[in-house]
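> give me a 3D structure for the following:
(chains A and B)
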Amino acid sequence: MTLSRRSLLVVGSPKVEGSTSETLGACLLERLAERGFDTETISIRRDLDSGGAGIDTLYSASDRADMVVISTPVYVGCLPAPVIKVLELLAEHRRGFTRRAGQALAGIANCGFPEMIHTEVALATCRLFARDAGFTWMGGLALAGGAAADPRRAADSGSMPRNVGRALAMAGDALARNEPIPAEACGLMAKPGLPSWLYRVIGNLSWRCRAHREGTAAKLRDRPYRV
Amino acid sequence: MNAVLLDGTSRDDHTAAAIRRAVIECLETAGVPVLTFFLPDIEIAPCRGDLTCWMRSPGICAIDDANREISRVTVSSDILVLLTPVTFGGYSSELKKALDHLIPNVSPFFRSVAGETHHAPRYHWRPHVIAIGILPAPDADSEQVFQTLAQRNGTTLWARETTCGVFYVTEQARAIEARVRDLLASLEAVA
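This next block holds a predicted model:
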């Protein structure tokens, strides 16, 4: 009897539901499920609290997973604090026992700026966590462009941006074969949706429109902590 | 001139204690008062990523806790010192919980900086940022990521200058003092 392999998705977004991080991670997990993996998802925001409740569930899930995927937004150039906290706890937990051979880890990082360079430190942090916690690092995918590249909007309409969907499928297939995420998948995911200058123009207009809806357009440049 | 020290280390970290002492002594001897936040003792809720600090209460986080005070004093600082164990190449969760909340101090509006997109400054705030990391032993990979992160955060925060140093737990107090003095030597106030 062949035992199913297990995969665990850890979602790092502070949103309770419907985040880009969860959408991307779920898509990758779906591919792994199609390739015979049992899958499990833990959202740091939804399933763990600041007091530590739920952390034992995360420990157990990570202990039995053959493939762990961390899917996270990028905040201030790297992982958000709650994601770092979880990695710190997991690394400490894994120091305490003999690690099971063959456990692997992959990362997905998404950020609001249009250039991929903004995701590099976040994925490097995931890689170093894998090294320190005894996982084989299988590589990372990065999605830049924030709202412009938001796969949720496409997911709502039933189709993910083609390059993103293909990248995740390619990555899932490689991981299922126990191979690192191929460079081709990373390149597909990194395909810019808009040139940076146009992203900035549209983005700045979008902030103004949103502020008008909120009634705060005249306050956008406020300096409440004026010295 | 004044300094803010955001300390994301732990109470039992003797190397951190030596570095902290050396930083404070060096700056205060140069006439720069230092306001220290020992972050493990401070409750700060995680950033919710809800953009309230840009869209609904521009410049102020929706969460009313110590994050607001840290944000307020930081934006008035001339020197911002970040002290942390190098954690998988980055900051500890304790330091990062405060840094995530510095986003209200920049504007939502995008601007190009050396070909990259960043958020425009909200204030006329151009600090010297000094990032100090601590490792158990030399680790070129982690150190390179840490230095990259520090420089990139300097750009995000519109720093006048960003300096980065990595210390090891094996270093003795005297060596730490000397290295801290070297690290701070580039600052106008200390030179």
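
> most centrally placed residue in chain B?
In chain B, the C-alpha nearest the mean C-alpha coordinate belongs to B:L82, at 2.9 Å (C-alpha atoms, centre = their mean).

> quick one: buried residues of stretch A:36-55?
Buried residues in stretch A:36-55, defined by neighbour count with 16 or more other C-beta atoms under 10 Å in any protein chain shown: A:F37, A:T39, A:E40, A:T41, A:I42, A:S43, A:I44, A:R45, A:R46, A:D47, A:L48, A:I55. In this view, the C-beta of every residue, glycine as well, is placed from N, C-alpha and C.

> ok, longest helix in chain A?
helix A:196-214 (DSSP state H).

> what residue ranges in chain A score low on pLDDT?
A:1-3, A:50-52, A:146-160, A:227 (pLDDT under 70).

> so which residues of it form strands?
A:5-11, A:37-43, A:67-73, A:104-110, A:136-143 (DSSP state E).

> so which of these gets nearest chain B?
Taking C-beta to the nearest C-beta, strand A:67-73 is the member of the strands of chain A nearest to chain B, at 6.7 Å.

> list the contacts for the residue located most distally from the centre of chain B?
Here chain B reaches farthest from its C-alpha mean at B:R56, the gap being 26.4 Å by C-alpha atoms, centre = their mean. Counting by C-beta atoms under 8 Å, 6 or more residues apart in numbering or on different chains, B:R56 makes contact with A:E214, A:T216, B:A62.

> dump those to a markdown table, plus neighbour count.
What follows is these, written out as a markdown table (neighbours: other C-beta atoms under 10 Å in any protein chain shown):
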| residue | neighbour count |
| --- | --- |
| A:E214 | 17 |
| A:T216 | 16 |
| B:A62 | 15 |
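
> distance to B:P138 for those - can I get that in CSV?
Output for those, formatted as CSV (distance: C-beta to C-beta, whole Å):
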residue, distance to B:P138
A:E214, 50
A:T216, 49
B:A62, 42
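
> before we move on, back to that, make TSV out of the strands of chain A and add distance to chain B.
As requested, these are exported to TSV (distance: least, C-beta to the nearest C-beta, whole Å):
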stretch	distance to chain B
strand A:5-11	13
strand A:37-43	13
strand A:67-73	7
strand A:104-110	11
strand A:136-143	11
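
> between these, which gets nearest to B:R21?
Proximity to B:R21 (C-beta to C-beta) singles out strand A:67-73 among those, at 35.3 Å.

> for the closest one, packing partners?
Packed against strand A:67-73 by the contact rule (3 or more C-beta pairs under 8 Å, 6 or more residues apart in numbering or on different chains; DSSP states H and E) you find strand A:5-11, helix A:20-34, helix A:81-95, strand A:104-110, helix A:120-133.

> and the strands in chain B?
Under DSSP E, chain B gives strands at B:3-7, B:34-38, B:79-85, B:106-113, B:116-121, B:128-135, B:161-168.

> of all these, which lies closest to A:A174?
strand B:116-121 (29.8 Å).

> and that closest one, which strands flank it?
strand B:106-113 (antiparallel) (DSSP bridges).

> beta-bridge partners for the residue lying closest to the residue nearest to the centre of chain B once chain neighbours are set aside, please?
Take B:L82 and drop its neighbours on the chain: the residue closest to it by C-beta to C-beta, 6 or more residues apart in numbering or on different chains is B:A131, 4.6 Å away. Beta bridges link B:A131 to B:L82, B:C164, judged by DSSP bridges.

> pLDDT score for B:A131?
What the model reports as pLDDT for B:A131 is 98.

> flag the shaky bits of chain B, pLDDT-wise.
Residues of chain B that meet the cut-off, pLDDT under 70, sit at B:188-191.

> coming back round to it: which one of the contacts of B:R56 is nearest to A:T23?
Nearest to A:T23 among the contacts of B:R56 is B:A62, at 24.2 Å by C-beta to C-beta.

> next, give phi and psi for the closest one.
phi -60, psi -30 (degrees, to the nearest 10).
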